[in-house]
Structures are given as structure tokens and as C-alpha cells.
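Asks: What follows is a predicted protein model with its sequence.
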Amino acid sequence: MAAFRLFAVLATVFMPCLALAHVSSQVFTMLLPTDLYVAGGMMTVVLTLAWLWAAGDRAYRLFEPRIKAPTRSSSHSRRDNLPPWRAGLGLALWSALIFVGLFGPHGPRDNLLPVFFWEVFWPCAVVVAPIWTTVGKWLDPWNGALRLLERLGVRAGRSRLRRRWRGVPACISAVAVALYMLADLSPNDPSRLAVALLIYGGIHLLGAVAFGRRWLLFGDAFGLTLALVSRLRILTRRGGRRHWQWPGTDLVRRRQPAVGHGLLVLTILAIGSFDSLNETFWWLAKLKINPLLVPGRSALARSNALATILSPGLVLILFASLVWSGAQWAKLPLSRATLSTLAISCLPIAWGYHLAHYASVAMVGYQYLLVGISDPFGTGLNWLGLDRHFVSTGFFFTPSSARRLFELQAAAVVVGHALSLVMAHAVTTQWAGQRERVFRASLPLALFMVIYTLFGLWLLASPKA
């Protein structure tokens, strides 16, 4: 019997068998000392918080304009005065992309529309908006479409939506886009995406006809997001001259921000967080799905749809509860304007998450974009001479490039949280006044941001399916 057991053990040890393994783009990220990166990021945010509490009202002084002059207007009326070629540029671009989506190659990587929309436009436009503040206007199809409708005899109506609720339709639009992105069975299908964009555009054009041109300022999720992110700019024009300012100055010093703008920021933050969370082994394990054998989008559609709908509400309730508890502890009245401004101060967090999440997507997407421009209909045109070009993803699979990419992503998350802390502290200083009240009013929200930093860095380091 003992000899049989010994034979069984030796056979088990030395008998060759099939070994299964899982390799992804994070193969080298998992080998990095991510715990040290997480600890360093947390320490940076905690030290920023300690400095803010020690500095008192000096944090608010960072957001004082250097020149007492009104900023250059960016109202919608200036869009109406654009030259015809500028007004029609965005409309021509999106019309051409939708045409290619409907009648071009059927492969998601071969067609320009899904490549441009999912891997270039949305990842890059939000990232560059604080620097190239007019990126949304250059890519805006609405002005050209409304001018075309006016030539056909259809004129936009007058705005009848209350100012306090402006931005709420954009929140609904953002959730609808997220549902399509995360829960649809084939969001990258070119013709399917083209039809979805036509429906989205038709709804907002009807909104502009019914409520006026200003509908596009608070109904279009993409346009309003780019407009808000552009206010993180560090270069502004005052008194006819350009001047440097602290990022977020335009947002902190707004007197009566619309409630919908704060809701949109929290909605984007929640959707961006879940967009990263739903790919992790942890989330799939909660759904009782083997992350090494993911059955497909159909198995995740219902859970993703439910989480996409619920996550903005949960973040909103948590955020409002923390701000309310701080106000109660400091014995301060809480106005709708203060709550909205504090919510808007979370915009740098959403921006940092966006950069961290989409950096790798854009690094590959622009290559497919160039190949698609060279031959948009798959007929062998080869306009740019890229017929022999092969899209490269090898930089994900070398230790040095993987480390640099992870450092960029971690830095974006940490910098975004630190800037949000500074902005929120400046708003709280203006709201509370006394240092003791500022400490009490800001403590719950500050702890939330510190914990959210840990959550964001954990998302970066977590294995993904």
C-alpha cells in the first residue's frame, strides 16, 4: 500500500500535463511594486490635505484673479457668429464619419467611426480640453446643423428650462451613452454606432428646436463635459491679455453654478469609476464569473446596465451625505449653490481617472485611425502609404514601457485628487470662514477623497480580464 502511494505521488509530480495561464497587457504591471506606488500616492494626497488645513485661507487666495477684469466670454451667442466654414466643420466631420460607419468596412478596427469615436475623440478631447479650450467648439456639429435647419425654415425656439436644472438633461444623456458603451452587445459595430449617433443627434436637435440653442449647453453630455473640463485651464484672457491662473479658478469662483453641472460631474465620476471596476477580477468574481473564461458581453449586459444606472445615484447620495454631515458638524447652512460648487470641485478627479483609463486606448487607437484614414472604405486606396503599416502594441509587453505607463496613470489619479482637495478646501473656506469651522465642514469630504484615491490606485493595479 505504501509503495502504491509512493508511485501515485511520483506519477503526479513527474507526469507531464497541460498548464493553463492567463497573460494580458498588465502582465508587467502585476510585477511592479504597485503597493509602493499606492502608498506614495496616498501619502501625497494626505500631505496635501495637511498643508491645506495648516495654510488656512491661503488656499483660497490661489484662485484669486491676478487682474480684476472680466474673463473673455464663451457664451453660446459667440458660436452663432462663427463663419460658415467654421460652423459647418464639425457637421461635415461627423456626417462623413457616420457615412463611413454605415457604408464602410464592417470590422470595428477597420472602420473609421468606432475607432475615432471610442479610441480617439472621447479619450483625447477630455484630456486636452484644459489646454485646447476650444476643442469642443471645433468638433461641435450642432451649430452647423442648426444653421442648415434655419435655411430650411426651421428655427430654434426660446429657452424655457430653469437655470438651476440646466445640466440635468446632460446627466441623462451621459447615463444613456454609458449604457450603450457598457451594456450593449456590440457597441463597436460601425453601423450600429452610426445609428446610435444619429438617434442621439436627432434628440438633441429636437431639444434645440423646442428649447432654443441654449439646450445644447445643458443637454449634450459631450459638449457640456468638454465645456466644464475646459474651465480647468491654466491660461486665461483678462483685460485683452493672456494670464496664468491656478487650474480650476473659473470653477471655484462661480457665484451661482447650475445644480445640473454638479450632478453631471458626479455622474461622470461614477461612470468612469465603474468603467474601470467592471473589468477587474474582483467584480467578475462577485458576479460568479471566471475572469479567465469570460463568456461574453451578453452574460454581463444585465449586471452592467443595472450598475451603470445605480452608480451615479449612489455616488450622489454618498457625496451629499458627507457634505451635509460636515455642515451639521460645523453648524453651517448648506445652500444648493455650495453643494453644486463642491460637486464641481470633483471634476479634476474625473479628469485624472479619464486620463489614466484611456491612455493605453488612445496609444493604440491613433494608429488604427491613421490606417483607416489611408483607406476609409477598405478598397485599397492607400492615401497615406500605410498599406504595409502594422499596428503595434508591443510597448505594453516590455517592462520599461509598462512601468512608465503605470507611472503616468498613477500620477494622473494623484494629481487629480490633490487638485480637487485644493478646490474643495477653497470653496469650504469661502463658505465657512473660520478655521475651526473649515476643518469640521471639510473633514468628511476630505476623507472621502483620500479613500477614493486609494480606490483609484487599486483599480490601476488590479488584474483585469
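Replies: Cool, the structure landed.
Asks: contacts and neighbour counts: CA atoms only from here.
Replies: OK.
Asks: which residues of this protein score low on pLDDT?
Replies: The chain contains residues with pLDDT under 70 at 1-32, 65-82, 84-85, 156-166, 238-240, 387-389.
Asks: can you pull out the strands in it?
Replies: 235-238, 241-244 (DSSP state E).
Asks: Deepest-packed of these, please.
Replies: Among those, ranked by average contacts under mean count of other Cα atoms under 10 Å, first place goes to strand 235-238 (a mean of 17).
Asks: Can you work out which other helices and strands pack against that one?
Replies: strand 241-244 (3 or more Cα pairs under 8 Å, 6 or more residues apart in numbering; DSSP states H and E).
Asks: sorry, back to before: okay, the strands of the chain in JSON lines with distance to I451 next?
Replies: Shown next, in JSON lines, are these (distance: least, Cα to Cα, whole Å):
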{"stretch": "strand 235-238", "distance to I451": "31"}
{"stretch": "strand 241-244", "distance to I451": "31"}
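Asks: for the ones you listed, which one sits closest to P376?
Replies: strand 235-238 (37.3 Å; Cα to Cα).
Asks: centre of the chain versus the closest one, how much separation?
Replies: 25 Å (Cα atoms, centre = their mean, to the nearest Å).
Asks: Render the CA-only coordinates of that strand in CSV, please.
Replies: Extracted as CSV, the C-alpha positions of strand 235-238 are listed here (Å, rounded to 0.1, in the frame of the first residue of the first chain):
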residue,chain,number,x,y,z
LEU,A,235,-4.2,80.2,-19.2
THR,A,236,-7.0,82.8,-19.5
ARG,A,237,-7.6,86.1,-21.2
ARG,A,238,-8.4,89.1,-19.0
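Asks: circling back: out of the strands of the chain, which gets nearest to D220?
Replies: strand 235-238 (24.6 Å).
Asks: I figured G272 hits Y353, correct?
Replies: Yes. Counting by Cα atoms under 8 Å, G272 does reach Y353; the two are 6.9 Å apart.
Asks: When the two are compared, which one has more neighbours?
Replies: Y353 (28 against 18; other Cα atoms under 10 Å).
Asks: what's the distance between that one and D184?
Replies: As judged by Cα to Cα, to the nearest Å, Y353 and D184 stand 23 Å apart.
Asks: Could you do F406 as well?
Replies: For F406, the distance to D184 - Cα to Cα - is 29 Å.
Asks: what about those two, which has more around it?
Replies: Legend: neighbour count by other Cα under 10 Å for F406 and D184, higher for F406 (23 against 17).
Asks: Any figure for the gap between that one and P141?
Replies: 35 Å.
Asks: Repeat that for L284.
Replies: Distance from L284 to P141, by Cα to Cα: 38 Å.
Asks: which residues does T225 contact?
Replies: 126, 264-265 (Cα atoms under 8 Å, 6 or more residues apart in numbering).
Asks: hmm, back to that, A178: which of the strands of the chain is closest?
Replies: Of all the strands of the chain, strand 235-238 comes closest under Cα to Cα, at 31.5 Å.
Asks: can you count the residues close to F222?
Replies: 19.
Asks: nope, L102 is what I was after
Replies: L102, neighbours per other Cα under 10 Å, totals 19.
Asks: nearest residue to it other than its sequence neighbours?
Replies: S191 (4.6 Å; Cα to Cα, 6 or more residues apart in numbering).
Asks: Ramachandran coordinates for the closest residue to A285 other than its chain neighbours?
Replies: Among residues not flanking A285 along the chain, P291 sits closest, at 7.1 Å (Cα to Cα, 6+ apart). In terms of degrees, to the nearest 10, the main-chain angles of P291 are phi -70, psi -20.
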